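A structural model of the following input is requested.
(one chain, ligands or ions: 1)
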Amino acid sequence: MNEVRISTPEGAEASISLFGAHLMSWQTADGKERLFLSQRSALDGSAAIRGGVPVIFPQFATRGDGLRHGFARTATWRLAEQANDWAEFALAQTDLPRNHFQSWPRAFELRLRFTLRGNALEMRYTVRNTGQQDFSWAGALHSYFAVTEFTSAKVDGMPFTGALDDIRPATPQLRLDTGAGVLLLEQQGFSEWVVWNPGAEGAAAIADMADEEYRRFVCIEPACVDKQVLAAGAEWAGLHTISLIP
Ligand SMILES: O=P(O)(O)OC[C@H]1O[C@H](O)[C@H](O)[C@@H](O)[C@@H]1O
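As a prediction, this is how the structure comes out:
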């Protein structure tokens, strides 16, 4: 799988796969990996990557008649621009294989820009309607954060007790205590936070997740879960910043 690496002189590093513009790994300057990646994940382009940060578009989960969580996470994106500590990826209608193009025939361009700034990672997600007609879309950045033990991790001081799949109105920030540091999760432009962990039973039913792996992550996803209209020629932008609190 083709990956693009970005880094800072202080030693922070991230790698992004062209398959899905998928953030696979983010290590803070202390060398710690901050994202979860399943040991059972397909990494050959045959399925969405299980872990990291899947990019969801143009539908959330099964809220629509298209592919579950959309086609962006299994499409091959283009590297649009790159420097040492940032990279931007693009996906337009014309990049899609014919079957996806036909199932969602709208003129669009997505951009995902990943930037490392000190102990923070910033993801800027833009959706442009490049056509003559309005379209509706939903999306998310489906971040899988690594935790040392799911039931001792806390979000805004609240512990997790078991499987959950919550949709909460977006707030500007949340604090995630991972057991190996506190991450400040910030968003702008999205309308919800989705908080998900499948729990033991759920994980056992997920083919590309080992049975015990649910204990090693929590997904906290800035999302627009319901489809919203984007006018012809208009652009939507969302920002998700993750910072390690010293
Ligand atoms: O298994 P996936 O298609 O990657 O979906 C994984 C999960 O994504 C989101 O967090 C949804 O809220 C969950 O309901 C879903 O199970």
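
Tell me what whichever residue of the chain sits closest to the ligand is bridged to.
The ligand sits closest to Trp196 of the chain, with a gap of 3.3 Å, by CB to the nearest ligand atom. In short, each C-beta sits where N, CA and C put it, glycine included. Beta-bridge pairing for Trp196 (DSSP bridges): Asp165, Cys219.

who are the neighbours in contact with it?
164-166, 218-219, 221 (CB atoms under 8 Å, 6 or more residues apart in numbering).

What of Leu244?
Leu244 makes contact with 28, 34, 119-120, 181-184 under the criterion CB under 8 Å, 6+ apart.

From those residues, list the buried ones, please.
Neighbour-count burial (16 or more other CB atoms under 10 Å) applied to the contacts of Leu244 gives 28, 34, 119-120, 181, 183.

Now for these: which two are most distant?
Maximum pairwise distance among these (CB to CB): 12.8 Å, between Ala120 and Gly181.

Run the chain-centre distance for the helix or strand bottoming out on mean pLDDT in the chain.
Sorting the helices and strands of the chain by mean pLDDT, DSSP states H and E puts helix 98-103 at the bottom, at a mean of 85. Between the centre of helix 98-103 and the centre of its chain there are 23 Å (CA atoms, centre = their mean, to the nearest Å).

buried residues in it?
So, applying 16+ other CB under 10 Å, buried residues of helix 98-103: His100.

which residues touch the closest residue to Leu174 other than its chain neighbours?
Distances taken as CB to CB, 6 or more residues apart in numbering put Leu185 closest to Leu174, at 4.7 Å, once the chain neighbours are dropped. Going by CB under 8 Å, 6+ apart, Leu185 touches 143, 173-176, 220, 222, 240-242.

hmm, back to that, and the contacts of Trp196, which of them are buried?
218-219, 221.

Could I get the residues you listed in JSON lines, plus columns for pLDDT and distance to Gly45?
Formatted as JSON lines, the buried ones among the contacts of Trp196 follow (pLDDT from 0 to 100; distance: CB to CB, whole Å):
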{"residue": "Val218", "pLDDT": "98", "distance to Gly45": "26"}
{"residue": "Cys219", "pLDDT": "98", "distance to Gly45": "22"}
{"residue": "Glu221", "pLDDT": "98", "distance to Gly45": "23"}
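
Report the entries of these that also contact the ligand.
The subset of these within reach of the ligand, counting by CB under 6 Å from any ligand atom, consists of 219, 221.

where does the residue nearest to Leu174 land on pLDDT?
Note for Leu185: predicted pLDDT of 98.

buried sites along stretch 203-210?
203, 209.

How far does that stretch stretch from one end to the other?
End-to-end distance of stretch 203-210 (CA to CA, to the nearest Å): 7 Å.

mean confidence score for that stretch?
97.

And for stretch 235-243?
98.

buried set for it?
Quick answer for stretch 235-243 (16+ other CB under 10 Å): 236, 238-243.

try stretch 83-97
Residues of stretch 83-97 classed as buried: 85-91, 93, 96 (neighbour count, 16+ other CB under 10 Å).

Mind checking which of the residues you listed land in strands?
86-91 (DSSP state E).

just to revisit the earlier point, in terms of secondary structure, what does the helix or strand just after the least confident helix or strand of the chain contact?
Using DSSP states H and E, the helix or strand that follows helix 98-103 towards the C-terminus is strand 108-117. The contact analysis (3 or more CB pairs under 8 Å, 6 or more residues apart in numbering; DSSP states H and E) places strand 108-117 against strand 3-7, strand 13-17, strand 86-92, strand 120-129.
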